[in-house]
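In: Below: sequence and its predicted model.
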Amino acid sequence: MRAVGVPGSGRLARREVRKILLGLLFVSPWLVGFLWLQLYPILASLYYSFTDYQILGTPHWTGFANYARMFLHDPLFWVSVRNTLFFAAVSVPLGVVIGIALALLLNARVRGLSLYRTIYYLPTMIPVVPAVMLLAWLLTPSIGPVNYLLGQLGLPEPGWLNDPAWAKPALILLALWGVGGSVVIYLAGLQDIPATLYEAAAIDGAGTWQRTWYVTIPLLTPTILFNLVVGLIGAFQYFAQAYVAGAFGGPLNSLLFYNLYLYQNAFQYYQMGYASAMAWVLLVFVLIVTLAIFRTTGRWVHYAR
Amino acid sequence: MSGKKMSRRELLRLGGVAGGVLLLAACGSSAVGRSGQANQTAGTSGKGGPPPTSGRSGAPRATGPKVTLTIWNSDWGKFYNDPMKKLGTEFTRRAAPNVATSWTFMPNLSNKLAAAIAAGNPPDVAVIDEGYGVPKIARLGGLTSLDSYYSKDGVKQSDFIPFTWETVLYKGKPYGIPGGAGADALVYDKDEFKKAGIGSVPDTPTWEEFREWGQRMTKRDSSGKLVRAGIVPDPGSFFLFAGVLGFQYYNSDRTKVAINSPESVEAVEKWVGLTPKGVSYPEASNLVASAPNVPYGAFGQGKQGIVWDGYWLFLGMDKYWPKINYGLIRLPTPHGKKSEWSMYTGWVWDPCIPKGSKHPDQAWEFLKFGFWQHGALLADTINWTSVLSQFKPFIERTKEIMGPHNRELPYLHIYSEVQYAGKYFVPYTPIYDKLNDSLNQAIDQANRGKKSVKQALDEAAANLQPQLDSVQGSF
């Protein structure tokens, strides 16, 4: 005789199964999208990275040939790596420092604070293409406003995007112009720091600088960690600005960033297999860098609670 | 719903497309809009074979349900894009009332086209002007062979400017139809030339004269600041002069990269040597970059002494620089002789029908109408026809468009002659894009004094040769 209503019985099990199926049905739009449009292409690109695949043809298995070519026989690959590392190494730390500095200023209680916050955030609202075109105009050699000012001050007038030595710094300036996005996150982090800690520090005789250095910065480190990781990933994936600013990689390939070269291989040269290999190398590299940062967090990231 | 099962190969291909989308996503989110270059042109005065038709539309009137042909065209900027649409409206009006056309203009068209073909959703017609797109995509099986259409309607190789035919072939069969053909001429300011002491200007200068003019037109102000660069030998323009300089891209059977042959090294040295003495390339390049971003901005502002472009330049000149007293002459040749005109480099953009086009027959009717039967219609799009028999009506119509007092009018024959005489074109191989980019980079390095011409070309050739080896037999 079958026990009815007893936990673990067949009827309940069926109910559980039905619930699970219903749940799956409700998440199925996302699940199907994920499996078909994300997981499958990701795995397919891994397969293609071991093939000679030209988008329209049939992929031919070539083993590690794409990876060997990348590391051993393609000088432009290393040019793109160097450009990207330089950009990441300069723009991300600068973005963190300037972002924190601006957030500290915007956290002060002064009149018109909302207006200042809006002003700093506005540049992030401008789409990439017009932003780059605006930058190109501002930095136009000879007649651009920036060079005009430099000339008036008796300073050298760089060729900016037209000069291999100044092309990357020009894009770094653009990246810093859009630092408002991270400023907002830092501001949220600042306002999350308990006021009691500042009161305790003040009672202990800490001045403004000491409160900033010993209270604010340590308790802002979780936010810094977030912005650092997100910023690095963004820097390693830098593409659109370089694509607009530097036709064919800019002067002397100074703007040939990793993803731009990846794009060229995929869609200009139709070497999708090679581009897939590049994408996987980037993924692994970003993963290693991110894990390395997380391994160090025990030493420098502090949580209030 | 069809019960047809998806094969493993189809599944993989679909995955590839999705993978491509993923790669694009990895590359960033913005659909970047970099305005493409202007188009191209040139031609002679009506020589060539008999008209393909008697001049009236021979195309049958379309019957059946209404059809809209989707056409993808390289983005040349609104200035040049809008006139292209007229081809479609004329086709509908004169040949196929049931067939409308819908145009989309996009930069880097061939990049997107391959993905669209792979996804099974290509346009009906693609007008590609980048990197010999027709053989490039035909080699991968992405285009419809037009061989049977050509035979059916009697379209022949001899109907077109000779070099343009080469650009639509893959393994001897046509996969596109020659569209707008091009060749450049030198543009100079007559008054400024006189001020610089350049008296007589031959119709076809020698290379030495050309270089000398560049030197004379270079000017500094009293403080020593460069205010005009005579000639700026930018890497992207080199190919236009490659023929007259004797540059070799490959050996004769296209098995070896020859960009570092002694002839090629000498050619690039001549090109790089155009930077006026006492001026660095970055200095000249910065000066030109400081001009307004409008057609012929540096020339119009007097920052560049000599420039070059196709016959369509009258549009930009009329709109932005109506007061310049400009003249045109042919590009230089080694000795300035007519017999050397055959060394001029020609170029062309080619319409084609992608595999998977939903209306291939109507697409062919459109190609036939606009680029063969009524090639003269290209005059309204400011592109030079490739159809030899259409040169005369084309030129007549162009004169009408220009107006009787246009400054370019006295020089129109130059384009016509150059277009007809020029036989040199950049040979196709599947590594064309890569070679072109590598060559540009090598010239950039030499221009900026980072490497000698030979060193830069040797390195580029060494990187390209294995890639050419890997595609031998596939083109």
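Out: Perfect, thanks for sending it. Numbers count the residues shown, from 1 in each chain, chains lettered A, B, ... in the order given.
In: and the stretch 51-200 of chain B, which residues reach chain A?
Out: Applying Cβ under 8 Å from any Cβ of the partner chain, we find that the stretch 51-200 of chain B lies next to chain A at B:108, B:111-112, B:114-115, B:117-118, B:131, B:136-137, B:140-142. Every C-beta, even on glycine, is put in place using the N, C-alpha and C of the backbone.
In: so B:P354 makes contact with B:L143?
Out: Yes: proximity of B:P354 to B:L143 meets the contact threshold set by Cβ atoms under 8 Å, at 6.0 Å.
In: neighbour-wise, which of the two wins?
Out: B:L143 (30 against 24; other Cβ atoms under 10 Å in any protein chain shown).
In: Could you report the distance from the residue positioned nearest the centre of chain A to A:A240?
Out: Nearest to the mean C-alpha position of chain A, counting by Cα atoms, centre = their mean, stands A:G234 at 1.6 Å. Computed as Cβ to Cβ, to the nearest Å, the A:G234 to A:A240 distance reads 11 Å.
In: Would you mind measuring the gap between the ends of stretch A:57-72?
Out: 26 Å (Cα to Cα, to the nearest Å).
In: Please read the previous query as pertaining to stretch A:203-218.
Out: 19 Å.
In: How far does that stretch sit from its chain's centre?
Out: 31 Å (Cα atoms, centre = their mean, to the nearest Å).
In: For it, give the mean pLDDT please.
Out: Per-residue pLDDT over stretch A:203-218 has a mean of 95.
In: Can you name the residues in contact with that stretch?
Out: Residues external to stretch A:203-218 that are found in contact with it (Cβ atoms under 8 Å, 6 or more residues apart in numbering or on different chains): A:I100, A:L104, A:L190, A:I193, A:L197, A:Y198, A:A201, A:A202, A:H302.
In: now, which of the residues you listed sits nearest A:V179?
Out: Here the nearest of the contacts of stretch A:203-218 to A:V179, counting by Cβ to Cβ, is A:I100; it sits at 10.0 Å.
In: quick one: contacts for the closest one?
Out: A:I100 neighbours (Cβ under 8 Å, 6+ apart): A:Y186, A:I217, A:L220, A:I224.
In: now swap in B:Y132 and tell me
Out: Counted by Cβ under 8 Å, 6+ apart, B:Y132 has contacts B:T167, B:V426, B:Y428, B:Y432.
In: and the gap between it and B:A138?
Out: Distance from B:Y132 to B:A138, by Cβ to Cβ: 10 Å.
In: Now tell me what touches stretch B:255-272 from outside.
Out: So stretch B:255-272 is contacted by B:207, B:233, B:238, B:241-242, B:245-251, B:281, B:435, B:438-439, B:442-443, B:446-447, B:453-454, B:457-458, B:460-461, B:464-465, B:468, B:472 (Cβ under 8 Å, 6+ apart).
In: Can you verify my assumption that A:G95 contacts A:V179?
Out: Yes: the pair A:G95 and A:V179 qualifies as a contact (Cβ under 8 Å) at a distance of 5.4 Å.
In: Out of these two, name the residue with the larger neighbour count.
Out: A:V179 (26 against 23).
In: which ones are touching the more buried one?
Out: Residues near A:V179 by Cβ under 8 Å, 6+ apart: A:G95, A:I98, A:G99, A:L102, A:Y120.
In: Tell me the confidence at A:L173?
Out: The per-residue pLDDT reported for A:L173 equals 94.
In: Would you agree it falls within a strand?
Out: No: read with DSSP: H, G, I helix; E, B strand; the rest coil, A:L173 is helix and lies in no strand.
In: care to break the chain down by domain?
Out: By default, I'm working from chain A. Following automatic domain parsing, chain A resolves into domains at A:10-48, A:69-300.
In: right idea, wrong chain: chain B
Out: According to automatic domain parsing, the domains of chain B span B:33-182+B:347-409, B:185-339+B:427-471.
In: Throw the ones you listed into a markdown table and include distance to A:I20 and mean pLDDT, thanks.
Out: Output for the domains of chain B, formatted as a markdown table (distance: least, Cβ to Cβ, whole Å; pLDDT from 0 to 100):
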| stretch | distance to A:I20 | mean pLDDT |
| --- | --- | --- |
| domain B:33-182+B:347-409 | 35 | 85 |
| domain B:185-339+B:427-471 | 52 | 95 |
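In: Put together JSON lines for the ones you listed, with distance to A:R69 on each row.
Out: Converted to JSON lines, the domains of chain B look like this (distance: least, Cβ to Cβ, whole Å):
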{"stretch": "domain B:33-182+B:347-409", "distance to A:R69": "20"}
{"stretch": "domain B:185-339+B:427-471", "distance to A:R69": "9"}
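In: Out of those domains, which one sits most buried?
Out: Mean neighbour count (mean count of other Cβ atoms under 10 Å in any protein chain shown) peaks for domain B:33-182+B:347-409 among the domains of chain B, with a mean of 20.
In: related to what we said a few turns ago, could I get the contacts of A:I100 as JSON lines with secondary structure, distance to B:M402 and neighbour count?
Out: Formatted as JSON lines, the contacts of A:I100 follow (DSSP: H, G, I helix; E, B strand; the rest coil; distance: Cβ to Cβ, whole Å; neighbours: other Cβ atoms under 10 Å in any protein chain shown):
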{"residue": "A:Y186", "secondary structure": "helix", "distance to B:M402": "61", "neighbour count": "24"}
{"residue": "A:I217", "secondary structure": "helix", "distance to B:M402": "69", "neighbour count": "14"}
{"residue": "A:L220", "secondary structure": "helix", "distance to B:M402": "67", "neighbour count": "22"}
{"residue": "A:I224", "secondary structure": "helix", "distance to B:M402": "64", "neighbour count": "22"}
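In: ok, the nearest residue to B:D350 once chain neighbours are set aside to chain A distance?
Out: Nearest residue to B:D350 in three dimensions, chain neighbours excluded: B:G176, at 3.9 Å (Cβ to Cβ, 6 or more residues apart in numbering or on different chains). Distance of B:G176 to chain A, computed by Cβ to the nearest Cβ, to the nearest Å: 16 Å.
In: I'd say B:G176 and B:L143 touch.
Out: Yes: between B:G176 and B:L143 there is a contact under Cβ under 8 Å: 7.1 Å.
In: what's the overlap in contacts for the two?
Out: Joint contacts of B:G176 and B:L143 (Cβ under 8 Å, 6+ apart) are B:V134, B:C352.
In: picking up where we left off before, deepest in the core, which of the domains of chain A is it.
Out: Greatest burial across the domains of chain A, using mean count of other Cβ under 10 Å, falls to domain A:69-300, with a mean of 18.
In: how far does it stretch from start to finish?
Out: Criterion Cα to Cα; first-to-last residue distance in domain A:69-300 is 39 Å.
In: Appreciated, that's everything.
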